[in-house]
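> fold the stuff below for me.
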Amino acid sequence: MLRLCLIKVNTEAVHMNHQQLKSLLKIVECGSLSKAEEKLYITKAALKKQIDRLEQEIGFPLLVRTRQGISLTPAGEEFCRGTKKVLGDMDSVIQRSWALATHEMTIRIGNPHHPRLLLENAFNEFSRRFPHIKQQVILQKSSHFVEDILAGHIDVAECTYHPMLKSPGIQYTKLFPMSYKCLLAPSHPLAGSKTIRPEDLSGHRVGLLQKDTELSLQLNERCHNLSLEILTRNELQDIINICYNNGIFISKAYFLNSMQPLVAIPLETDLVPMGGIIYRESPSQVTKQFLKVVHDLYPMGGSGP
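Sure, this is the predicted structure:
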């Protein structure tokens, strides 16, 4: 924990930690310990202990506790003004030092062979926050993500969840649902539909990825005379050839919405894969910063790109 050192009038050193000062400012902002504990996720008893310890160390009271709430003593007002400046200066120093320390660093991001990136907004935001850190996208098969992360070839990988991603030393964070969509040509008989049911696919040629086994089973159960073509990967050439030959390509891939003039229509199914990101259980500091950007933009349960 970051510790700060001030000097008393009698020249004795006073040691305070960063959390004590932040807690003090939050209590003053909220006007009570009860409201502050909700904001800081710290119990009222723990907050009181922090402030009591702080007042003991500096040698004078900062807060006046009344039935109406909490207010600052005159000395406390001056102390808080100085504290805001100290914390602001410290944050600025840390940011400048971080920029120097990471000047030539690179975050390596594994991505499937797709026409677009899953976390495009995160790439843009990370570049804005950390312009000195290089982002290197590495296109490869998703089946290689785990071994490449463990081997240190990439730092993170964006993907949809699959049981094969579970491995010792690997952490997976689910970010948002990625619903299945049907991609078809504007001339297709189903192109005007708002949604497509599995039963509607009966008698049609349908392209599907090999790893979507649950959906494949569901379609075979609910459709009759279905011509199912299994693909090993999202190859643009294969997708186009299916769609422009009166077929339908079904995928959870996020890039389907951007393949105009082809039409992307939601498939009515209870199977909803999750998009997410995988990384080492003990990531580097640069990776932690990238993950924070991702989590800020895509809190768990939020909507995807």
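> contacts only, for Lys252.
160, 178-181, 212, 273 (Cβ atoms under 8 Å, 6 or more residues apart in numbering). The C-beta positions use only the backbone N, C-alpha and C, and glycine is treated the same way.
> contacts only, for the closest residue in space to it that isn't next to it in sequence.
Residue nearest to Lys252 in three dimensions, not counting chain neighbours: Met178, with 4.3 Å by Cβ to Cβ, 6 or more residues apart in numbering. Residues in contact with Met178 (Cβ under 8 Å, 6+ apart) are 160, 252-254, 272-275, 304.
> 7 Å - rerun?
160, 252, 254, 273-275, 304 (Cβ atoms under 7 Å, 6 or more residues apart in numbering).
> is Thr83 in a helix, a strand, or coil?
Following DSSP: H, G, I helix; E, B strand; the rest coil, Thr83 is assigned to helix.
> how much space between the nearest residue to it once chain neighbours are set aside and Ala75?
The shortest distance from Thr83 to any non-neighbouring residue, by Cβ to Cβ, 6+ apart, is to Leu21 (5.0 Å). Distance, Leu21 to Ala75, by Cβ to Cβ, to the nearest Å: 15 Å.
> who has more neighbours, these two?
The neighbour comparison of Leu21 against Ala75 (other Cβ atoms under 10 Å) goes to Leu21, with 22 against 13.
> any idea how far stretch 76-91 is from the middle of the chain?
Remark: stretch 76-91 is offset 32 Å from the chain centroid, using Cα atoms, centre = their mean, to the nearest Å.
> and the contacts of it?
Contact partners of stretch 76-91, identified using Cβ under 7 Å, 6+ apart, comprise 4, 21, 24-25, 28, 62-63, 72.
> ranking these by neighbours, who comes first?
Busiest of those [other Cβ under 10 Å] is Leu24, holding 24 neighbours.
> tell me who's in contact with it.
51, 54, 62, 80, 83.
> reformat those as a markdown table; add pLDDT, secondary structure and distance to Phe290.
As requested, the contacts of Leu24 are exported to a markdown table (pLDDT from 0 to 100; DSSP: H, G, I helix; E, B strand; the rest coil; distance: Cβ to Cβ, whole Å):
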| residue | pLDDT | secondary structure | distance to Phe290 |
| --- | --- | --- | --- |
| Ile51 | 90 | helix | 36 |
| Leu54 | 90 | helix | 35 |
| Leu62 | 92 | coil | 39 |
| Cys80 | 91 | helix | 35 |
| Thr83 | 90 | helix | 31 |
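> how about TSV for those, with distance to His204 added?
Output for the contacts of Leu24, formatted as TSV (distance: Cβ to Cβ, whole Å):
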residue	distance to His204
Ile51	69
Leu54	71
Leu62	73
Cys80	69
Thr83	68
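> next one: Lys134 relative to Tyr279, how far apart?
Distance from Lys134 to Tyr279, by Cβ to Cβ: 18 Å.
> give me the more crowded residue out of the two.
More crowded of Lys134 and Tyr279, by other Cβ under 10 Å: Tyr279, with 24 against 14.
> before we move on, the earlier item: which of the contacts of Met178 are buried?
160, 252, 254, 273-275 (16 or more other Cβ atoms under 10 Å).
> just flag the most distant two among these.
Spatially, the most separated pair among the buried ones among the contacts of Met178 is Tyr254 and Met274, at 12.2 Å (Cβ to Cβ).
> the domain parsing of this structure - what is it?
Domain ranges of the chain: 3-101, 109-178+274-297, 181-266, per automatic domain parsing.
> pLDDT below threshold where in this structure?
Residues of the chain meeting the criterion pLDDT under 70: 1-16, 98-104, 113-117, 300-305.
> residue ranges for the helices of it, please.
18-30, 33-40, 44-58, 74-101, 120-129, 145-150, 213-222, 236-243, 285-297 (DSSP state H).
> so which of those helices gets nearest Thr173?
helix 285-297 (7.5 Å).
> buried residues in the closest one?
286-287, 289-291, 293-294, 297.
> swap in stretch 32-45?
For stretch 32-45, by 16+ other Cβ under 10 Å, it's 33, 35-37, 40, 42.
> in CSV, list these along with distance to Asp155.
Formatted as CSV, the buried residues of stretch 32-45 follow (distance: Cβ to Cβ, whole Å):
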residue, distance to Asp155
Leu33, 41
Lys35, 40
Ala36, 37
Glu37, 36
Leu40, 31
Ile42, 32
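> those: which two are farthest apart?
Among the buried residues of stretch 32-45, Lys35 and Ile42 lie farthest apart (Cβ to Cβ), at 12.0 Å.
> anything in contact with each of these two?
Joint contacts of Lys35 and Ile42 (Cβ under 7 Å, 6+ apart) do not exist.
> one step back: which phi and psi does the residue nearest to Lys252 have?
phi -130, psi 90 (degrees, to the nearest 10).
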